[in-house]
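Student: Here is the input, now give the coordinates:
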Amino acid sequence: MIIESGRADTALWLSLTIVLSGTGGVAGQSPTVALRVPGTAHYLDFADYAIKPSGWTLRDAPLVDMGDGRYDYQINPSRIPTGVDAMIVEYNNADASHVVGGADSDVLLLRNLPHDVAIVRKSVTNRMEEAPGNPGTIVLYDDDAMTVILTQTLRDDTGGQVLPSKGEPAKRSGPQ
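Tutor: Next comes the predicted model:
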């Protein structure tokens, strides 16, 4: 399963369900959860929220028995180091011999949602101006129509300079 969280979120519940085939949820287990950076053996240390290849204080956090075979653990996504955009959530249950769901994994995707949504809205509605040059530029302005929030370079279809051309769109105002 894929779990998405905003980077600014301060609470996210990770859940594991443990069932006995034909019986239902199993209480009284001792599952743990670990967060690993994909493609590495680097784990989050829940004690200080640092990513480490070894020397963890709390690599495998104990999940809380919520009843009916459901086990939860709350993390703080805002404390996960920047630059880490995805983590593998590894669940483990030492007594998994007779149950289904004793070992499982999810993928946690960390998004900068409020910022990303704001940039998308501003790119569609706000003042934007193109300027010729080698390279040319296109500038996106904030809601005040004065503050530059994004500048990108432009080239023509062959990779050359952008030339001014009378009658071609080069400036867009914000909402009126």
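Student: Am I right that residue 124 is in a helix?
Tutor: Yes: counting by DSSP: H, G, I helix; E, B strand; the rest coil, residue 124 falls inside a helix.
Student: Tell me the spacing between residue 55 and residue 36.
Tutor: 15 Å (CB to CB, to the nearest Å). C-beta: built from backbone N, CA, C; applies to glycine.
Student: quick one, which of these two is more surrounded?
Tutor: The neighbour count for residue 55 versus residue 36, taken as other CB atoms under 10 Å, is higher for residue 36 (17 against 8).
Student: domains of the chain?
Tutor: What automatic domain parsing lists as the domains of the chain is 2-111, 121-172.
Student: can you put the ones you listed in TSV and add mean pLDDT?
Tutor: As requested, the domains of the chain are arranged in TSV below (pLDDT from 0 to 100):
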stretch	mean pLDDT
domain 2-111	90
domain 121-172	89
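Student: Can you say which of those is packed in most?
Tutor: Mean neighbour count (mean count of other CB atoms under 10 Å) peaks for domain 2-111 among the domains of the chain, with a mean of 16.
Student: now the end-to-end length of that domain.
Tutor: From its first residue to its last, domain 2-111 covers 13 Å (CA to CA, to the nearest Å).
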